[in-house]
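Undergrad: Provided below for reference: sequence and predicted model.
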Amino acid sequence: MRGDAANHAGLLRFFSIVDEGDEIDLGTVREIAELSVNGTPIGGILWKPPFRADVTRALHAGTNRVEVRVTNLWPNRMIGDLQPGVTQTYTFTDFRPFTKDSRLLESGLLGPVRLELVQRARVTGAQ
């Protein structure tokens, strides 16, 4: 990422249109994600791997709108505010664990994002 996007902290929303699938696998996420299909929340808050949810109950025939909301942490924003030439800062704290030279953390929806068709076994009769 370049520029201010590399130092983003907070919520980002991603949208896509799909027409079939059973599960959405978000791949790697830093830190938490929320998923909705056609406005219906799916899977609750995805806060640990696997970042995957069954979307069959929310899909309908035709075009479906998928929204992924990813929330990350403050460190990259704090590091960005310490860069030379910054004229506007977004964070304020007395605790300064980072410097302008601190390494940026992996952040956001890293993926790969996959929509998968899953074969499910049907169990009939128990013994």
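TA: Great, that's in hand.
Undergrad: thought V29 was touching V70?
TA: Yes. V29 lies in contact with V70 (Cβ atoms under 8 Å); the separation is 6.1 Å. Quick note: C-beta positions are derived from backbone N, CA and C, even for glycine.
Undergrad: so how far is F98 from R52?
TA: Per Cβ to Cβ, to the nearest Å, R52 is found 32 Å from F98.
Undergrad: Please say which of these two ends up with more neighbours.
TA: F98 (20 against 16; other Cβ atoms under 10 Å).
Undergrad: ok, and what's touching stretch 73-84?
TA: For stretch 73-84, the surrounding residues in contact (Cβ atoms under 8 Å, 6 or more residues apart in numbering) are 4, 6-10, 30-31, 86, 89-91, 93, 96-100, 102, 104-105, 107.
Undergrad: If burial is judged by neighbour count, which of the residues you listed pass?
TA: Among the contacts of stretch 73-84, those scoring as buried are 7-9, 30, 91, 98, 107 (criterion: 16 or more other Cβ atoms under 10 Å).
Undergrad: got the residues you listed as TSV, with pLDDT columns?
TA: Shown next, in TSV, are the buried ones among the contacts of stretch 73-84 (pLDDT from 0 to 100):
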residue	pLDDT
N7	76
H8	77
A9	77
R30	92
T91	89
F98	94
S107	89
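Undergrad: As JSON lines, those with secondary structure and distance to G44 would be great.
TA: Formatted as JSON lines, the buried ones among the contacts of stretch 73-84 follow (DSSP: H, G, I helix; E, B strand; the rest coil; distance: Cβ to Cβ, whole Å):
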{"residue": "N7", "secondary structure": "helix", "distance to G44": "29"}
{"residue": "H8", "secondary structure": "coil", "distance to G44": "24"}
{"residue": "A9", "secondary structure": "coil", "distance to G44": "23"}
{"residue": "R30", "secondary structure": "strand", "distance to G44": "18"}
{"residue": "T91", "secondary structure": "coil", "distance to G44": "29"}
{"residue": "F98", "secondary structure": "coil", "distance to G44": "31"}
{"residue": "S107", "secondary structure": "coil", "distance to G44": "22"}
